[in-house]
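Q: no sequence for this one, just the structure:
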């Protein structure tokens, strides 16, 4: 069983930055693919970014590429999403997700989920 807990959300002005953290309770954390998704009310959960278990490959949606950076620290069972140049359209609940499978952009591919953290970007 893997438990994920996100933190770091909040209210920020457009152009600002936030760093989301994801703490994982898993003995085999280093074997997990990690992803970040976001969701606004009335819309489907959207892929944001993912990183392979060894951290060598990263993936981003077109909407965040160049602004967000995903990373992980396997020794500390932590994942991160650095978000820069935030825009109001980034406002959403952000979820950390993990799975022992390959990187996928579909939320259906991830077995483990955190509770989510709200990010609000004001204009």
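A: Received, thanks. Note that the structure is predicted; figures quoted are calculated from it, not measured.
Q: helix or strand for residue 22, which one?
A: In the assignment (DSSP states H and E), residue 22 maps to strand 18-25.
Q: who are the packing partners of that strand?
A: Under the contact criterion of 3 or more C-beta pairs under 8 Å, 6 or more residues apart in numbering; DSSP states H and E, strand 18-25 touches strand 3-7, strand 33-39, strand 78-83, strand 92-99, strand 117-122. From N, CA and C alone the C-beta is placed, and that goes for glycine too.
Q: show me the contacts for the closest residue to residue 64 other than its chain neighbours.
A: Closest residue to residue 64 apart from its sequence neighbours, by C-beta to C-beta, 6 or more residues apart in numbering: residue 48 at 5.7 Å. Neighbouring residues of residue 48 by C-beta atoms under 8 Å, 6 or more residues apart in numbering: 35, 36, 37, 38, 60, 61, 64, 68, 81, 94.
Q: same thing but at 6 Å, please
A: 36, 37, 38, 61, 64 (C-beta atoms under 6 Å, 6 or more residues apart in numbering).
Q: show the buried residues in the residues you listed.
A: Buried members of those, scored by 16 or more other C-beta atoms under 10 Å, are 36, 37, 38, 61, 64.
Q: from the residues you listed, which is closest to residue 120?
A: Proximity of those to residue 120 (C-beta to C-beta) peaks at residue 38, which lies at 11.8 Å.
Q: tell me how far the closest one lies from residue 1.
A: The gap separating residue 38 from residue 1 is 24 Å, by C-beta to C-beta, to the nearest Å.
Q: what of residue 33?
A: For residue 33, the distance to residue 1 (C-beta to C-beta) stands at 17 Å.
Q: of the two, give the one with the bigger neighbour count.
A: Per other C-beta atoms under 10 Å, whichever of residue 33 and residue 1 has more neighbours is residue 33, with 21 against 6.
Q: wait, doesn't that one sit right on residue 103?
A: Yes. Shown here, residue 33 and residue 103 form a contact pair, counting by C-beta atoms under 6 Å, at 5.2 Å.
Q: appreciated, that's everything.
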